[in-house]
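Undergrad: Need a 3D model of the following:
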Amino acid sequence: MSNPVYLALDLPRLEQAKALVEKVKAHIGGVKLGMEFFYAHGAHGVHEIAHSGLPIFLDLKLHDIPNTVAGAMQAIHVLEPAIVTVHTSGGRAMLEDAKAAAAEGTKVVGVTMLTSMDQRDLDRTGVSGTPHDHVMRLAELAQSAGLDGIVCSGQEVASVHAQWKKGFFVVPGLRPAGAAAGDQKRVVTPRNARDDGASVLVIGRPISRADDPARAAREIEATL
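TA: Okay, here's the model as predicted:
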(Lines give C-alpha, C1' and ligand atoms only; values in the text may rest on other atoms or scores of the structure.)
Protein backbone atom coordinates (compact mmCIF):
# COMPACT_ATOMS: atom_id res chain seq x y z
CA MET A 1 0.00 0.00 0.00
CA SER A 2 1.16 3.52 -0.73
CA ASN A 3 0.44 4.80 2.78
CA PRO A 4 0.59 2.21 5.58
CA VAL A 5 -0.81 4.52 8.29
CA TYR A 6 -4.21 3.51 9.69
CA LEU A 7 -5.82 6.02 12.02
CA ALA A 8 -7.10 4.44 15.24
CA LEU A 9 -10.52 6.07 15.48
CA ASP A 10 -11.99 5.53 18.93
CA LEU A 11 -14.06 8.64 19.46
CA PRO A 12 -17.35 8.59 21.41
CA ARG A 13 -19.37 10.72 18.98
CA LEU A 14 -19.88 9.59 15.40
CA GLU A 15 -20.01 13.07 13.90
CA GLN A 16 -16.73 13.92 15.62
CA ALA A 17 -15.17 10.76 14.22
CA LYS A 18 -16.37 11.49 10.69
CA ALA A 19 -15.06 15.05 10.89
CA LEU A 20 -11.62 13.83 11.98
CA VAL A 21 -11.42 11.36 9.09
CA GLU A 22 -12.29 14.13 6.64
CA LYS A 23 -9.50 16.29 8.05
CA VAL A 24 -6.77 13.68 7.75
CA LYS A 25 -7.84 11.29 4.99
CA ALA A 26 -5.36 12.70 2.48
CA HIS A 27 -2.50 11.66 4.77
CA ILE A 28 -3.57 8.18 5.94
CA GLY A 29 -4.09 4.85 4.21
CA GLY A 30 -7.04 3.51 6.20
CA VAL A 31 -9.09 3.67 9.39
CA LYS A 32 -8.97 1.29 12.35
CA LEU A 33 -12.24 0.91 14.22
CA GLY A 34 -11.86 -0.81 17.57
CA MET A 35 -14.22 -2.15 20.18
CA GLU A 36 -15.00 1.24 21.68
CA PHE A 37 -16.22 2.59 18.33
CA PHE A 38 -17.96 -0.62 17.26
CA TYR A 39 -19.85 -1.07 20.52
CA ALA A 40 -20.97 2.56 20.44
CA HIS A 41 -21.94 2.85 16.78
CA GLY A 42 -22.29 -0.66 15.38
CA ALA A 43 -22.64 -1.49 11.71
CA HIS A 44 -24.18 1.91 10.98
CA GLY A 45 -21.05 3.64 12.25
CA VAL A 46 -18.79 1.44 10.16
CA HIS A 47 -20.78 2.26 7.03
CA GLU A 48 -20.62 5.97 7.83
CA ILE A 49 -16.83 5.91 8.13
CA ALA A 50 -16.55 3.76 5.01
CA HIS A 51 -18.09 6.61 3.03
CA SER A 52 -14.66 8.25 3.28
CA GLY A 53 -13.48 5.75 0.69
CA LEU A 54 -10.68 4.49 2.94
CA PRO A 55 -10.15 0.79 3.80
CA ILE A 56 -11.66 -0.26 7.13
CA PHE A 57 -9.75 -2.28 9.72
CA LEU A 58 -12.13 -3.82 12.28
CA ASP A 59 -10.05 -4.40 15.38
CA LEU A 60 -12.60 -6.58 17.21
CA LYS A 61 -10.11 -9.04 18.74
CA LEU A 62 -12.53 -11.96 18.43
CA HIS A 63 -11.83 -14.63 21.04
CA ASP A 64 -14.33 -17.39 21.80
CA ILE A 65 -15.07 -20.99 20.89
CA PRO A 66 -14.44 -21.72 17.19
CA ASN A 67 -18.11 -21.88 16.20
CA THR A 68 -18.91 -18.52 17.81
CA VAL A 69 -15.93 -16.78 16.22
CA ALA A 70 -16.80 -18.21 12.81
CA GLY A 71 -20.37 -16.95 13.19
CA ALA A 72 -19.17 -13.50 14.17
CA MET A 73 -16.84 -13.42 11.19
CA GLN A 74 -19.70 -14.33 8.85
CA ALA A 75 -21.90 -11.66 10.44
CA ILE A 76 -19.48 -8.87 9.50
CA HIS A 77 -19.22 -9.84 5.81
CA VAL A 78 -21.66 -7.03 4.96
CA LEU A 79 -19.23 -4.49 6.42
CA GLU A 80 -16.53 -5.50 3.90
CA PRO A 81 -13.56 -4.94 6.24
CA ALA A 82 -10.08 -4.98 4.76
CA ILE A 83 -8.64 -6.39 8.01
CA VAL A 84 -10.14 -8.12 11.07
CA THR A 85 -8.36 -9.18 14.26
CA VAL A 86 -8.76 -12.31 16.35
CA HIS A 87 -6.85 -13.28 19.50
CA THR A 88 -4.14 -15.77 18.55
CA SER A 89 -4.34 -17.26 22.05
CA GLY A 90 -7.76 -18.66 21.11
CA GLY A 91 -6.01 -21.70 19.68
CA ARG A 92 -5.50 -23.32 16.31
CA ALA A 93 -9.07 -24.55 15.76
CA MET A 94 -10.48 -21.09 16.43
CA LEU A 95 -7.94 -19.46 14.11
CA GLU A 96 -8.61 -21.92 11.30
CA ASP A 97 -12.38 -21.43 11.58
CA ALA A 98 -12.01 -17.65 11.70
CA LYS A 99 -10.00 -17.61 8.48
CA ALA A 100 -12.34 -20.04 6.76
CA ALA A 101 -15.37 -17.91 7.66
CA ALA A 102 -13.86 -14.56 6.63
CA ALA A 103 -15.03 -12.84 3.48
CA GLU A 104 -12.87 -13.10 0.40
CA GLY A 105 -10.42 -10.22 0.40
CA THR A 106 -10.51 -9.73 4.18
CA LYS A 107 -7.18 -10.27 5.91
CA VAL A 108 -7.44 -12.06 9.25
CA VAL A 109 -4.61 -11.19 11.63
CA GLY A 110 -3.93 -12.59 15.07
CA VAL A 111 -3.29 -10.38 18.08
CA THR A 112 -0.25 -11.72 19.90
CA MET A 113 0.72 -9.61 22.93
CA LEU A 114 -0.87 -6.25 23.62
CA THR A 115 1.53 -3.31 23.46
CA SER A 116 0.29 -2.19 26.88
CA MET A 117 1.82 -5.36 28.40
CA ASP A 118 5.39 -6.08 29.47
CA GLN A 119 7.37 -8.85 31.17
CA ARG A 120 5.72 -8.30 34.54
CA ASP A 121 2.28 -8.67 32.97
CA LEU A 122 3.28 -11.94 31.33
CA ASP A 123 4.60 -13.27 34.63
CA ARG A 124 1.38 -12.34 36.42
CA THR A 125 -0.73 -14.16 33.85
CA GLY A 126 1.37 -17.33 34.06
CA VAL A 127 2.97 -17.09 30.61
CA SER A 128 6.53 -18.37 30.47
CA GLY A 129 9.39 -16.70 28.61
CA THR A 130 9.99 -13.16 27.47
CA PRO A 131 7.61 -10.99 25.45
CA HIS A 132 9.72 -11.78 22.40
CA ASP A 133 9.41 -15.54 23.05
CA HIS A 134 5.65 -15.24 23.51
CA VAL A 135 5.11 -13.25 20.31
CA MET A 136 7.27 -15.59 18.24
CA ARG A 137 5.42 -18.62 19.58
CA LEU A 138 2.02 -17.13 18.72
CA ALA A 139 3.24 -15.94 15.31
CA GLU A 140 4.23 -19.51 14.48
CA LEU A 141 0.76 -20.69 15.55
CA ALA A 142 -0.95 -18.02 13.42
CA GLN A 143 1.11 -18.94 10.38
CA SER A 144 0.46 -22.66 10.76
CA ALA A 145 -3.29 -22.00 11.14
CA GLY A 146 -3.41 -20.13 7.84
CA LEU A 147 -3.91 -16.58 9.05
CA ASP A 148 -2.68 -13.71 6.90
CA GLY A 149 -0.49 -12.24 9.62
CA ILE A 150 -0.34 -10.98 13.16
CA VAL A 151 -0.48 -7.89 15.34
CA CYS A 152 2.69 -7.29 17.32
CA SER A 153 4.74 -4.44 18.71
CA GLY A 154 7.50 -2.76 16.74
CA GLN A 155 10.01 -4.45 19.03
CA GLU A 156 9.16 -7.89 17.62
CA VAL A 157 8.19 -7.20 14.03
CA ALA A 158 11.71 -7.58 12.59
CA SER A 159 12.09 -11.06 14.08
CA VAL A 160 8.62 -12.13 12.98
CA HIS A 161 9.22 -10.79 9.48
CA ALA A 162 12.45 -12.78 9.25
CA GLN A 163 10.54 -15.94 10.20
CA TRP A 164 7.44 -15.25 8.05
CA LYS A 165 8.56 -13.48 4.88
CA LYS A 166 5.12 -13.22 3.28
CA GLY A 167 3.21 -12.36 6.44
CA PHE A 168 1.06 -9.28 6.91
CA PHE A 169 2.14 -7.42 10.04
CA VAL A 170 0.09 -4.82 11.91
CA VAL A 171 2.03 -2.72 14.42
CA PRO A 172 0.17 -0.57 16.98
CA GLY A 173 1.52 1.41 19.92
CA LEU A 174 3.59 3.67 17.70
CA ARG A 175 4.80 7.08 18.77
CA PRO A 176 6.64 9.69 16.68
CA ALA A 177 10.00 10.76 18.07
CA GLY A 178 9.48 12.90 21.18
CA ALA A 179 5.81 11.93 21.71
CA ALA A 180 4.52 10.71 25.08
CA ALA A 181 4.16 6.92 25.37
CA GLY A 182 0.95 7.09 27.43
CA ASP A 183 -0.24 3.61 28.41
CA GLN A 184 1.96 1.90 25.83
CA LYS A 185 5.00 0.05 27.16
CA ARG A 186 6.72 -1.38 24.06
CA VAL A 187 6.85 1.48 21.58
CA VAL A 188 8.91 2.41 18.53
CA THR A 189 8.62 5.15 15.91
CA PRO A 190 6.52 4.62 12.75
CA ARG A 191 9.65 4.82 10.59
CA ASN A 192 11.45 2.14 12.58
CA ALA A 193 8.45 -0.19 12.46
CA ARG A 194 8.10 0.26 8.71
CA ASP A 195 11.81 -0.39 8.15
CA ASP A 196 11.55 -3.59 10.19
CA GLY A 197 8.74 -5.04 8.05
CA ALA A 198 5.44 -3.61 9.29
CA SER A 199 2.66 -3.73 6.70
CA VAL A 200 0.25 -1.48 8.61
CA LEU A 201 1.11 1.22 11.15
CA VAL A 202 -1.72 1.90 13.60
CA ILE A 203 -1.54 5.42 15.04
CA GLY A 204 -4.18 6.99 17.23
CA ARG A 205 -3.57 9.66 19.85
CA PRO A 206 -0.54 11.32 18.18
CA ILE A 207 -2.99 12.26 15.39
CA SER A 208 -6.44 12.33 16.96
CA ARG A 209 -5.39 14.39 20.01
CA ALA A 210 -3.05 16.74 18.18
CA ASP A 211 -3.92 20.44 18.03
CA ASP A 212 -3.81 20.10 14.24
CA PRO A 213 -4.58 16.47 13.32
CA ALA A 214 -4.02 17.00 9.59
CA ARG A 215 -0.60 18.47 10.20
CA ALA A 216 0.30 15.66 12.62
CA ALA A 217 -0.75 13.03 10.08
CA ARG A 218 1.13 14.80 7.32
CA GLU A 219 4.30 14.97 9.40
CA ILE A 220 4.12 11.26 10.21
CA GLU A 221 3.52 10.45 6.55
CA ALA A 222 6.59 12.51 5.62
CA THR A 223 8.82 10.33 7.81
CA LEU A 224 7.87 7.21 5.84
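Undergrad: V31 belongs to a strand?
TA: Yes - assigned with DSSP: H, G, I helix; E, B strand; the rest coil, V31 falls within a strand.
Undergrad: OK, contacts around the spatially closest residue to A217 that is not a sequence neighbour?
TA: Counting by Cβ to Cβ, 6 or more residues apart in numbering, H27 is the residue found nearest to A217 once chain neighbours are left out, at 3.8 Å. C-betas here are computed from N, CA, C, even on glycine. By Cβ atoms under 8 Å, 6 or more residues apart in numbering, H27 lies in contact with N3, V5, A214, A217, R218, I220, E221.
Undergrad: Out of these, the closest to A142 would be?
TA: Nearest to A142 among the contacts of H27, counting by Cβ to Cβ, is V5 at 23.1 Å.
Undergrad: give me the number of residues near that closest one?
TA: Neighbourhood size, V5 [other Cβ atoms under 10 Å]: 23.
Undergrad: Pick out the residue nearest the middle of this structure.
TA: Nearest to the mean C-alpha position of the chain, counting by Cα atoms, centre = their mean, stands V170 at 5.2 Å.
Undergrad: how about that one, secondary structure?
TA: Applying three-state DSSP: V170 is strand.
Undergrad: Roughly how far does the residue nearest to T88 when sequence neighbours are not counted sit from A98?
TA: Of all residues not flanking T88 in the chain, G110 sits nearest, at 3.4 Å (Cβ to Cβ, 6+ apart). Look at G110 and A98: by Cβ to Cβ, to the nearest Å, they are 9 Å apart.
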